[in-house]
Structure formats: C-alpha cells, structure tokens
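# Sequence unavailable; structure follows:
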Ligand code: C5P
C-alpha cells in the first residue's frame, strides 16, 4: 500500500490583478505548504481497469465528481492494461475553504499513480497535467514555499522560514466557490479591488528574518471584499482571531478561511482555545497548525515518498 500526504496551502499574501484573455486573473502571491494535510491511500484492487474510491473524514464528493477520480481517469485514458486500484481519501482539509485541499488531492493522485503504475511521467508531463486540472495543482506538486505569479503557473521557489510559523485557521460555515468569488471580484468597482493590498516585499523580508510581528503587518488579500459582499462572517472571523490575540490576520485564497499569526506554538494553542470559547454559532471549523518545515518539504520534493506525518488536524464545531 502507498500512503501519500496531501498538504494544504496557505496564501500568506495574495494580490489579484487584471483579467487575462483566457478569463483567469493574474496573481502575485506567497504560497506556503502547511502541516495540515489530507491522506491518500493507494492499494491493489480487482482486475485491470478497476477503480474503487471512497472517502473518510470531512465531507467531500465521493463519486466521479471527486478530483482524485478525474485525475485517475485522465492518467488511465487509452490504457486498459493498468492494474486495478483502490484509493481511499482521508479528508482533513475542508472543501471550498481557500486551503487548496482539492488541488493537494489532485497532486497526490498524480504523483501516487505515476509511481504505482510505473508510468514514468516526467516532472514536466506531471506539471502539464497538473495545470490542466486546476490553477493551484502545480504549486501542490512542488510544495514548500514559493512566490506564485501568472495564473498560478509561474512558481519561484522560496527558502523555508528558518523559524517555525504557527497559525490558527478559522473558517465560517459552508464551502465557497472559487469561480463565484472571482466573478464577484470582477463586479466590484475598481477602487474596491485594490485593498486590503499586501506588502509582498515586506512579507518576504519578514519571512527571511523570522520577524512575525512585521509579517503580520504585511498581510493582505484583495479578494476579500469580493467575498465580504455575501459573507460578512469572513470579517467576523478576522475580528475574532484578533480579539483572541492573533498578531495579524488575512483570508487565504478565495476564502473563506481566515488565518491568524501567532508568536509560537503555545500562543497559537492559547488563541485556538479562546476562539473555541467565543465561536458565534455552529458549523465553524478551526485548526492550529504551522507552515511545513524544510525537512517536511524535502520529503515532498522526493516525489516518490510523500508519506509524511501531519502534525495537526482541524476541528468542526457544531455548537
Ligand atoms: O483553476 P481552477 O479550476 O482552480 O479555478 C477556479 C476558478 O477560479 C476559475 O474558473 C476562474 O474563474 C478562477 N480563477 C481565476 N484566476 C486564477 C485562478 C482561478 O480567475 N488565477
């Protein structure tokens, strides 16, 4: 059996620019791999052509709609001879939350089945497939930390922070559609599309020196106003994290997860406990986690061995 780790991503900063001719938007973002992760188990099952797929953990579509099934079918297209497989996806990353869970699962499926079936696809071929599945899948193949530009296809790797960055993640109830958030962004008047604008250069300097106070001041994601139109609970999540002691907060990706920066692990756990006590209602999800470290990222780069441990999961609060 092969066990793969599919780590969530966080957009420490995100600046969304103009619409491109292909309908996508240009980005400038610092992407970081988190310790929070899904797991994908792959084992032999049935005659050639068999795919048995199931999900455990947080809810996610189980059938042909699941991105793991899409990727599997795409890899197996025109091949009837490939050994039958069973894939079990263990979900810890909530769906539609800006944490790249689907993209991470897609990347793990690509890497896992490439190895399991001995397809010998090169990194370049895997990259082309990844980009065709979704904008964030390419980063998830690479992992670690990177400045990401273009549609998500220009990846400039960054060093891992020397010091551990601990975070509290907080997501208001219900998944959000990335496409709808971008459509809402396009409807905003121009002046409302510019803030909260990150100080990307400042964030890079702060990451390099481990100065989390400065990093907290450099955060920003100008997609937030697009989501805030219909989901004021995103602003509520930031206020709550700040009231509980976070050094700074921002939304990740197209939301609706908000993250708060902590000084260290103890501080993150204290913020997490305080947030749990003050949640405004049912259905909120919270996790205390941190950016992946160099060793964890190196294991990912090994590509065949993504079987790393996730150090921290999330909790769903039902009231
Ligand atoms: O590529 P992916 O399927 O993840 O993107 C979902 C939607 O998000 C796209 O259909 C597009 O509307 C929007 N998007 C965008 N610009 C990006 C990434 C995503 O407009 N760079």
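Thanks, I have the structure now. What you see is a predicted model; the values in this text were computed from it and never measured. Residues are numbered from 1 along each chain as shown.
# Which stretches in the chain count as strands?
Counting by DSSP state E, the chain has strands at residues 2-19, 25-44, 51-57, 85-91, 145-150, 154-158, 166-171, 220-221, 249-251, 258-261, 284-290, 314-317.
# Kindly reformat those strands as a markdown table and extend each row with mean neighbour count.
For every residue, glycine as well, the C-beta is placed using N, CA and C. Shown next, in a markdown table, are the strands of the chain (neighbours: other CB atoms under 10 Å):
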| stretch | mean neighbour count |
| --- | --- |
| strand 2-19 | 23 |
| strand 25-44 | 22 |
| strand 51-57 | 15 |
| strand 85-91 | 20 |
| strand 145-150 | 19 |
| strand 154-158 | 14 |
| strand 166-171 | 28 |
| strand 220-221 | 24 |
| strand 249-251 | 24 |
| strand 258-261 | 28 |
| strand 284-290 | 23 |
| strand 314-317 | 16 |
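# Of these, which shows the lowest average pLDDT?
The weakest mean pLDDT among those belongs to strand 314-317, with a mean of 55.
# So for residue 137, which of the strands of the chain sits nearest?
The closest of those to residue 137 is strand 2-19. By CB to CB, the value is 10.4 Å.
# Near the ligand, which residues of the stretch 1-150 of the chain? Just list them.
24, 25, 27, 134, 135, 136 (CB under 6 Å from any ligand atom).
# ok, now which ones touch the third one?
When the contact criterion is CB atoms under 8 Å, 6 or more residues apart in numbering, the partners of residue 27 are 14, 15, 16, 17, 148, 149, 150, 151, 152.
# just to revisit the earlier point, closest one to residue 211 among the strands of the chain?
Nearest of these to residue 211, taken as CB to CB: strand 258-261 at 11.0 Å.
# Point out the other helices and strands that that closest one packs with.
Packing partners of strand 258-261 (3 or more CB pairs under 8 Å, 6 or more residues apart in numbering; DSSP states H and E): strand 166-171, helix 212-218, helix 233-243, strand 249-251.
# The second one - what's its average pLDDT?
Think helix 212-218. So the average pLDDT for helix 212-218 ends up being 98.
# So what touches that helix?
Contacts for helix 212-218 (CB under 8 Å, 6+ apart): 12-13, 165, 198-200, 202-203, 205-207, 246-248, 261-263.
# Among these, name the buried ones.
Neighbour-count burial (16 or more other CB atoms under 10 Å) applied to the contacts of helix 212-218 gives 12-13, 165, 198-200, 202-203, 206-207, 246-248, 261-263.
# For residue 309, report the pLDDT, please.
31.
# related to what we said a few turns ago, for the ligand, which of the helices and strands packed on strand 258-261 is the nearest?
For the ligand, the closest of these is strand 249-251, at 15.0 Å, according to CB to the nearest ligand atom.
# before we move on, back to that, out of the buried ones among the contacts of helix 212-218, which comes closest to residue 120?
residue 12 (35.0 Å).
# Using a markdown table, please lay out the strands of the chain together with distance to residue 182.
Shown next, in a markdown table, are the strands of the chain (distance: least, CB to CB, whole Å):
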| stretch | distance to residue 182 |
| --- | --- |
| strand 2-19 | 8 |
| strand 25-44 | 6 |
| strand 51-57 | 27 |
| strand 85-91 | 24 |
| strand 145-150 | 15 |
| strand 154-158 | 18 |
| strand 166-171 | 19 |
| strand 220-221 | 13 |
| strand 249-251 | 14 |
| strand 258-261 | 18 |
| strand 284-290 | 23 |
| strand 314-317 | 25 |
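# Of these, which is nearest residue 272?
Of all those, strand 284-290 comes closest under CB to CB, at 4.3 Å.
# The buried ones among the contacts of helix 212-218: which two are farthest apart?
200 and 263 (22.4 Å).
# Tabulate the helices and strands packed on strand 258-261 (a markdown table), appending distance to residue 272.
Listed next are those as a markdown table, based on distance: least, CB to CB, whole Å:
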| stretch | distance to residue 272 |
| --- | --- |
| strand 166-171 | 5 |
| helix 212-218 | 16 |
| helix 233-243 | 10 |
| strand 249-251 | 14 |
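# Dihedrals phi and psi, the closest residue to residue 96 other than its chain neighbours?
Of all residues not flanking residue 96 in the chain, residue 175 sits nearest, at 2.6 Å (CB to CB, 6 or more residues apart in numbering). Per-residue torsions, residue 175: phi -70, psi 160 (degrees, to the nearest 10).
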